[in-house]
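J.: when you get a sec, could you give me coordinates for this:
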Amino acid sequence: MTYITSRGFQLPTRVEEFRDAYYFNMWLKRLWPYKELDTGDELLWYETPTRRLVWRSRVVAVERFTYSSKLDARDKLVSCFGALDEHQPYFRDAPTRGYCVAYKVEPLERLAIPKPVALRFPMSGWCRDAQTVAEWLAGNG
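T.: This is a model prediction of the structure:
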């Protein structure tokens with residue numbers, strides 16, 4: 001499957017830096033794609049500051065777990081993927097307990113595709129609608 005995920009900050013521009021990082025979502029309730037995201041899925045990355053798709057990648061590792069505290073989440077993330085900046089706004093502001101899906105990706109291509117004017121990106125930060133993905137990539141939004 002191909003999905004678009006949104007980030008409220010600029011992502012690394014260098015392939016090595018993007019590849020070496022890992023990404024995660026933490027929710028109070030189990031939201032999509034907690035169970036659905038899988039290795040082999042194609043993931044397109046939208047940056048809200050630039051209002052563009054900036055990366056095409058392939059998911060190479062996925063971990064999903066519940067956590068009862070931020071300390072619990074931190075320990076699990078670190079044990080699966082390595083060092084974590086606990087002061088980053090997303091982790092700092094995430095729910096104190098809930099569900100986490102964490103993943104690593106292999107960068108395939110650097111992109112610079114503007115968001116179609118009419119597109120309203122889902123509040124969850126994930127778009128799974130195949131038609132929206134195809135139109136965005138084709139520049140027909």
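J.: so which bits of stretch 27-46 are buried?
T.: Burial within stretch 27-46, assessed by neighbour count using 16 or more other CB atoms under 10 Å, is assigned to 33-34, 37, 41, 43-46. C-betas here are computed from N, CA, C, even on glycine.
J.: which one of those is nearest to residue 124?
T.: residue 33 (8.9 Å; CB to CB).
J.: and the closest one, what element?
T.: For residue 33, there is no host helix or strand (DSSP states H and E).
J.: just checking: what are the partner strands of the helix or strand harbouring residue 112?
T.: Element membership for residue 112 (DSSP H and E) is strand 98-114. Here strand 98-114 is paired, per DSSP bridges, with strand 23-27 (antiparallel), strand 52-67 (antiparallel).
J.: after that strand, which helix or strand is next?
T.: Taking DSSP H and E, what comes next after strand 98-114 is strand 126-127.
J.: list the buried residues in the helix or strand just after that next one.
T.: The element immediately downstream of strand 126-127 (helix or strand, assigned by DSSP H and E) is helix 130-138. For helix 130-138, burial by neighbour count (16+ other CB under 10 Å) applies to 132-133, 136-137.
J.: any idea of the mean pLDDT in helix 130-138?
T.: Regarding helix 130-138, the rounded mean pLDDT is 82.
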